[in-house]
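Asks: pasting the structure only:
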């Protein structure tokens, strides 16, 4: 009975990793290591040998995800939060600047920025230093759409409730407007440690 439960767990975790692709979280990493380790123990010990292949596959996929995530995190540009904010605002306020700006804070603290200039789309990812990434998103939104924008209040309320959102800022005839869209990846909001407003 234990072997069947381990086999089902191994196959379910492999399928979830292949289909969902939500990124590695500490909980999913721990679960994959425990179930994969249990599969290895059963396959090499008292259980059936065929458990070895799904256990090894799960552990290899988990290790690859972990090392690829660590590598991309290490290569991510670190930029001063005030400098990122100043560049975004200057670009959005220029006549030939962005027509749309999408901002999000990833669960690891990186700020994702998608911009549209006419027919051109550009995606940037930075790790802000010297400031809170959530404050950065809120301050840029308040500067462009106004501090009383409904989307800004909803963004703050959703974060407190434990749900992350994308902030979509669009340039219109009467200035900038803000709207929220759901996050397709992990919806767990980033909790900055040193920020008095968001920790």
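Replies: Okay, I see it. Everything numeric in this text was worked out from a predicted model, so none of it was measured.

Asks: C-alpha only now, for contacts and for neighbours.
Replies: OK.

Asks: Could you count how many residues lie near the residue lying closest to residue 182 once chain neighbours are set aside?
Replies: Excluding the flanking residues, the one nearest residue 182 by CA to CA, 6 or more residues apart in numbering is residue 165, at 5.2 Å. Residue 165 is flanked by 23 other residues according to other CA atoms under 10 Å.

Asks: swap in residue 146?
Replies: Residue 146 has 16 nearby residues by other CA under 10 Å.

Asks: Okay, now the unreliable bits of this protein?
Replies: 1, 14-25, 118, 186, 193, 199 (pLDDT under 70).

Asks: mind redoing it with 90?
Replies: Counting by pLDDT under 90, the low-confidence segments of the chain come to 1-81, 84, 87-100, 104-133, 159-165, 172-175, 182-199.

Asks: so what's the backbone phi/psi at residue 45?
Replies: Backbone torsions of residue 45, given as degrees, to the nearest 10, read phi -120, psi -120.

Asks: mind checking how far it is from residue 51?
Replies: Per CA to CA, to the nearest Å, residue 45 is found 11 Å from residue 51.

Asks: Show me which of the two is the more surrounded one.
Replies: Using other CA under 10 Å as the criterion, residue 45 and residue 51 rank with residue 51 on top: 22 against 10.

Asks: Could you verify that that one is part of a helix?
Replies: Yes - if the criterion is DSSP: H, G, I helix; E, B strand; the rest coil, then residue 51 is within a helix.
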